[in-house]
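[1] just coords:
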Ligand SMILES: Cc1cc2nc3c(=O)[nH]c(=O)nc-3n(C[C@H](O)[C@H](O)[C@H](O)COP(=O)(O)OP(=O)(O)OC[C@H]3O[C@@H](n4cnc5c(N)ncnc54)[C@H](O)[C@@H]3O)c2cc1C
């Protein structure tokens, strides 16, 4: 990673960083430049005691869910399993668990980053906290993230979920019933 970053820097090439490749604006690639494709770095390590996850920058949301589910844990992520955790996190990350546990980025505890200057640094609350703050929404602008550390939450391992679809004549009563039913529910 550091060599690739340095090469792009020395040659003056624009640098693209690709995680899951799901950015519809194409920000994970670049024309006439160098693309660092992290797609094969998909390791997810779960510490069930501390409920902390270490996630590689090429992991998809499905990789994360498959690793946490056997421990009855979940990280708040997006709703499509093929999306990359890297781009999703660096842009915020909104999904099913947002009301109870916040955005993905709210649960980012630390990151290892190769900066534009080619240095490998760790960003957490005590070291480089400003960089951690910048990563929480700053996209790929602060360097190449080589590892993410997150806080996970108990969920499942069985969950009950699905979509209910109503035709127009039932919209009003369906919404009223939903309002009444959810008023006293746990988050
Ligand atoms: C079908 C679909 C469903 C989606 N659903 C949701 C959803 O439910 N919730 C939600 O919040 N978002 C959702 N998104 C949006 C998605 O989170 C963003 O498009 C996100 O950028 C995808 O990340 P990626 O790693 O797959 O993409 P990529 O295209 O690989 O990268 C996206 C951006 O992140 C940068 N980047 C990637 N990896 C790194 C890295 N390691 N270090 C530094 N920068 C990096 C790239 O340079 C690029 O700017 C969805 C998108 C799609 C296409």
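    Nice, thanks for sending it over. Everything numeric here is computed off the predicted structure, so don't read it as measured data.

[2] Using the three-state scheme, assign the residue lying farthest from the centre of the chain.
    Here the chain reaches farthest from its C-alpha mean at residue 169, the gap being 38.8 Å by CA atoms, centre = their mean. Using DSSP: H, G, I helix; E, B strand; the rest coil, the structure places residue 169 in helix.

[3] Next, the contact list for it, please.
    The contact partners of residue 169, taken as CB atoms under 8 Å, 6 or more residues apart in numbering, number zero. Where C-beta positions appear, they are placed from N, C-alpha and C, glycine not excepted.

[4] Relative to the ligand, which residue of the chain is the closest?
    The chain approaches the ligand most closely through residue 87 (2.0 Å), counting by CB to the nearest ligand atom.

[5] surely that residue meets residue 25?
    No - assessed by CB atoms under 8 Å, residue 87 is found out of contact with residue 25, at 10.4 Å.

[6] ok, these two, which is more surrounded?
    residue 87 (22 against 5; other CB atoms under 10 Å).

[7] mean confidence for the strand or helix carrying the more buried one?
    Element membership of residue 87 [criterion: DSSP states H and E] is helix 85-91. Averaged across helix 85-91, pLDDT comes to 97.

[8] Which strands or helices does that helix pack on?
    Helices and strands touching helix 85-91, by 3 or more CB pairs under 8 Å, 6 or more residues apart in numbering; DSSP states H and E, are helix 61-68, strand 144-151.

[9] Tell me which of these is the most buried.
    strand 144-151 (a mean of 21; mean count of other CB atoms under 10 Å).

[10] That strand and the ligand, are they touching?
    Yes - contact of strand 144-151 with the ligand (CB under 6 Å from any ligand atom) involves 144, 145.

[11] Need the mean per-residue confidence for that strand.
    Mean predicted confidence for strand 144-151 is 97.
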